[in-house]
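Chemist: heads up, no residue letters with this:
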DNA sequence: ACCGTGACTGACG
DNA sequence: ACGTCAGCCACGG
């Protein structure tokens, strides 16, 4: 990613993928990073989500860590907001952990190619 | 330009 | 089955 314009679009690329996550499903920071080709920049994806804070159209609650834990819940308006949104879509969350994570997990690599 | 800081991850002990 | 470490990369001070 040497083209500064592509670099500038990195956040937008992250947002584009996040917006494609179907309701009731969730993916991980690393999966998004891998799909975008920068497999080792999972942290930066998290950073992008932090910046996405102001964008209501982005379902940030559908992005969790690789184990299906709500590691970003503290960054929502209320710590329970992330869990509430997920449960509103039928996702079961117990102790910050998405239940049946293997079934809920949405992999952009296989879903989008 | 340098350094500290993460909503991360995989590897080690 | 834990806790730690070290890469990782974009950003702000």
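Modeler: In hand now; what should we look at? Just so we're clear, the structure is a prediction, and the values are computed from it rather than from any experiment. Residues are numbered from 1 along each chain as shown, chains lettered A, B, ... in the order given.

Chemist: if I pick residue A:26, what's in contact with it?
Modeler: A:61, A:62, A:63, A:64, A:68, A:86, A:91, A:98, A:104, A:105, A:106 (C-beta atoms under 8 Å, 6 or more residues apart in numbering). Every residue, glycine included, has its C-beta placed from N, CA and C.

Chemist: For the residue lying closest to it once chain neighbours are set aside, which residues are in contact?
Modeler: The shortest distance from residue A:26 to any non-neighbouring residue, by C-beta to C-beta, 6 or more residues apart in numbering, is to residue A:62 (4.5 Å). For residue A:62, the contact set (C-beta under 8 Å, 6+ apart) comprises A:18, A:21, A:25, A:26, A:27, A:86, A:106.

Chemist: And those, which two are furthest apart?
Modeler: The largest separation in those, counting by C-beta to C-beta, is between A:18 and A:86 at 14.0 Å.

Chemist: Tell me how far the closest residue to DNA strand B within chain A lies from residue A:49.
Modeler: In chain A, the residue that lies nearest DNA strand B is residue A:72 (2.0 Å; C-beta to the nearest atom of the strand). For residue A:72, the distance to residue A:49 equals 6 Å [C-beta to C-beta, to the nearest Å].

Chemist: Looking at those two, which one has more neighbours?
Modeler: Neighbour count, other C-beta atoms under 10 Å: between residue A:72 and residue A:49, residue A:49 has more, with 22 against 17.

Chemist: and DNA strand B, which of the contacts of residue A:26 reach it?
Modeler: A:61, A:63 (C-beta under 7 Å from any atom of the strand).

Chemist: just curious, which of the contacts of residue A:26 is nearest to residue A:32?
Modeler: Nearest to residue A:32 out of the contacts of residue A:26 is residue A:63 (C-beta to C-beta; 7.1 Å).

Chemist: residues near that closest one, how many?
Modeler: Using other C-beta under 10 Å, residue A:63 has 26 other residues around it.

Chemist: Now do it against residue A:75, distance only.
Modeler: As for residue A:63, its distance to residue A:75 is 11 Å (criterion: C-beta to C-beta).

Chemist: Now do the shared contacts for the two.
Modeler: residue A:49.

Chemist: Not counting the helix or strand hosting residue A:51 itself, show me its contacts.
Modeler: Taking DSSP states H and E as the definition, residue A:51 sits inside helix A:42-51. Contact with helix A:42-51 is made by A:10-11, A:14-15, A:18, A:28-30, A:32-33, A:36, A:38, A:60, A:63, A:72, A:75, as judged by C-beta under 8 Å, 6+ apart.
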